[in-house]
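Student: sequence first, predicted model second:
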Amino acid sequence: MIIAVDGPTASGKGTIAKALAEHFGLPHLDTGLLYRAVGLQVALNGGDPNDPDDALAATTFAESLLADPELRSEATGGLASRVSVHPAVRAALYERQRSFATQPGGAVLDGRDIGTVIAPEAEVKLFVTASVEARAERRWMEMAQRGATHTLAEIEADLRRRDERDRTRKEAPLVMAADAILLDTSELDRDAAIAAALAAVSAERS
């Protein structure tokens, strides 16, 4: 069984995907980490994330980079959004994601184009979303716990910029698949969001 979990930044899709993977005993891939690794590698190379050649060169990042805590920073998230608009970058990472999705027994993948591009044949597709205000508050609280000093207004503005890039990019824009289940987590806490996702997947499989 392949479960595709798509949605914008800080919607809760990663938390939901991990919970689904644990519940159904499936491997999980946060595809956003791949793009974050490319973005971080561009920075480490001293390149420009807006330059297609610099971004493509960074797709050969070392596996060890996926464990770097810097991948979770807001700065790296912004870099990921910028490198993800390049068709060559998406093509370079496509096979890696596709192989994970089609492994024997299935998998859970979360990202922005899983149900539309990476695994359009997924048995269950969720599109997890939330208001920008709710997402900004969540991200602000997460960052505050890590000692970051960004303001709530700064984070909200950054999320709006990322949303715009993700939805308007030419290659694999962030859109809800026609057969996806919409899950709005704006008013849900972590446990309630997971419960709603589990119920939706179970209902879809029955």
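Tutor: In hand now; what should we look at?
Student: name the element the closest residue to residue 68 other than its chain neighbours belongs to?
Tutor: Nearest residue to residue 68 in three dimensions, chain neighbours excluded: residue 40, at 6.8 Å (Cβ to Cβ, 6 or more residues apart in numbering). All C-beta atoms are positioned from the backbone trio N, CA, C, and that covers glycine. In this assignment (DSSP states H and E), residue 40 forms part of helix 31-45.
Student: again with residue 183
Tutor: Following DSSP H and E, one finds residue 183 within strand 181-184.
Student: in CSV, could you pull the C-alpha coordinates for that strand?
Tutor: Provided in CSV are the C-alpha atoms of strand 181-184 (Å, rounded to 0.1, in the frame of the first residue of the first chain):
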residue,chain,number,x,y,z
ILE,A,181,-8.9,13.4,0.8
LEU,A,182,-8.7,16.9,2.2
LEU,A,183,-7.7,17.2,5.8
ASP,A,184,-7.7,20.7,7.3
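Student: I'd like the distance from it to the chain centre, please.
Tutor: Mean-position distance between strand 181-184 and its chain equals 16 Å (Cα atoms, centre = their mean, to the nearest Å).
Student: list the contacts of that strand.
Tutor: Residues outside strand 181-184 that contact it (Cβ atoms under 8 Å, 6 or more residues apart in numbering): 16, 124-130, 176, 193, 196-197, 200, 204.
Student: of the residues you listed, which pair is most distant in space?
Tutor: Within the contacts of strand 181-184, two members stand farthest from each other by Cβ to Cβ: 130 and 204, at 20.9 Å.
Student: give me the more crowded residue out of the two.
Tutor: residue 130 (23 against 14; other Cβ atoms under 10 Å).
Student: quick check: pLDDT value at the more buried one.
Tutor: Residue 130 carries a pLDDT value of 97.
Student: surely it touches residue 186?
Tutor: Yes - using Cβ atoms under 8 Å, residue 130 is in contact with residue 186, at 4.3 Å.
Student: helix/strand/coil for residue 50?
Tutor: When classified by DSSP: H, G, I helix; E, B strand; the rest coil, residue 50 comes out as coil.
Student: now do the same contact list for the residue lying closest to it once chain neighbours are set aside.
Tutor: With Cβ to Cβ, 6+ apart as the criterion, residue 50 has its nearest non-adjacent residue at 5.9 Å, and that residue is residue 82. Residue 82 is in contact with 39, 49, 50, 55, 165, counting by Cβ under 8 Å, 6+ apart.
Student: mind listing the strands for the protein?
Tutor: 2-6, 28-30, 107-111, 124-129, 181-184 (DSSP state E).
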